[in-house]
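Engineer: sequence isn't available, so here's the structure alone:
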């Protein structure tokens with residue numbers, strides 16, 4: 001019964017997920033120039049991973065640390081945490097969906113870069129080249145996370161199999177674009193943090209209204 005209700009709730013909240021994705025793209029690709037910077041960073045990340053041909057220890061560390069971080073934030077007791085060259089292991093008191101999927105939706109490097117941006121902006125007034133460089137770096141980080149996450153998911157991660165592919169992908173996509181949208185709203189020279197929430201709210205209402213109108217048009 002709980003399994004069934006979870007999937008019903010997921011279907012009902014898909015418009016919210018779509019709203020976060022829409023708000024993210026409106027903030028990150030607000031003009032052709034900065035879109036080019038972002039795409040350049042993303043492309044560099046793709047070439048880098050293509051040449052490297054493997055995930056690497058950095059991803060392994062960030063993956064396991066994400067499990068640890070969100071387990072602690074969720075109030076779940078961590079019994080064991082270890083990292084080696086070939087992989088990592090974390091043992092918790094009880095399974096938590098958010099902590100289990102955190103490595104896929106929460107890019108720690110992008111969050112750290114956003115914090116650095118905030119402090120750097122307080123030290124001196126940023127010039128145009130400053131934002132350009134930041135967008136290239138942010139594009140690289142986002143590209144690296146998106147590509148590595150896709151590669152890992154397609155290999156069939158155990159936590160995704162246990163939770164369920166449909167529900168897992170809904171949580172990952174929704175929270176990934178939510179957190180990345182927040183980060184890019186802070187980094188962007190045009191938008192503010194409140195703009196992301198405002199855009200997300202407007203998009204959510206617009207999508208629900210469109211669905212509502214479509215349903216009633218089908219009723220004779």
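Structural biologist: Sure, I can see it. None of the values given here were measured: they were computed from a predicted structure.

Engineer: which strands and helices sit next to the helix or strand of the chain with the lowest mean pLDDT?
Structural biologist: One helix or strand of the chain scores below all others by mean pLDDT, DSSP states H and E: strand 88-92, with a mean of 73. Secondary-structure packing of strand 88-92 (3 or more Cβ pairs under 8 Å, 6 or more residues apart in numbering; DSSP states H and E): helix 57-73, strand 78-83. Placement of C-beta: from N, CA and C, glycine included.

Engineer: who does the last one pair up with?
Structural biologist: The sheet places strand 78-83 alongside strand 88-92 (antiparallel), with pairing taken from DSSP bridges.

Engineer: report the buried residues of the next helix-or-strand element following the partner strand.
Structural biologist: Scanning forward in sequence from strand 88-92 by DSSP states H and E, the next helix or strand is helix 97-105. Going by neighbour count (16 or more other Cβ atoms under 10 Å), the buried part of helix 97-105 is 97, 99-105.

Engineer: go on, stretch 45-59?
Structural biologist: 45, 49, 55, 59.

Engineer: and what of stretch 9-16?
Structural biologist: Using 16+ other Cβ under 10 Å as the test for burial, stretch 9-16 gives 10, 15-16.

Engineer: check contacts around residue 16.
Structural biologist: Counting by Cβ atoms under 8 Å, 6 or more residues apart in numbering, residue 16 makes contact with 174, 200, 204.

Engineer: pick the most deeply packed of the helices and strands packed on strand 88-92.
Structural biologist: Of all these, helix 57-73 carries the top mean neighbour count, a mean of 18, counting by mean count of other Cβ atoms under 10 Å.

Engineer: so who does the residue lying closest to residue 176 once chain neighbours are set aside touch?
Structural biologist: The spatial neighbour of residue 176 that comes closest, neighbours along the chain excluded (Cβ to Cβ, 6 or more residues apart in numbering), is residue 105 at 4.1 Å. Residue 105 sits next to 171-176, 179 when contact means Cβ under 8 Å, 6+ apart.

Engineer: just give me the closest of the buried residues of helix 97-105 to residue 69.
Structural biologist: Of all these, residue 69 sits closest to residue 102, with 7.0 Å by Cβ to Cβ.

Engineer: contact partners for the closest one?
Structural biologist: 66-67, 69-70.

Engineer: turn those residues into CSV, including pLDDT and distance to residue 143.
Structural biologist: Shown next, in CSV, are these (pLDDT from 0 to 100; distance: Cβ to Cβ, whole Å):
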residue, pLDDT, distance to residue 143
66, 90, 18
67, 86, 23
69, 88, 22
70, 90, 23
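
Engineer: which one of those residues sits closest to residue 89?
Structural biologist: The closest of these, once distances to residue 89 are taken by Cβ to Cβ, is residue 67, at 9.6 Å.

Engineer: wait, doesn't the closest one sit right on residue 103?
Structural biologist: Yes: between residue 67 and residue 103 there is a contact at 6.5 Å, judged by Cβ atoms under 8 Å.
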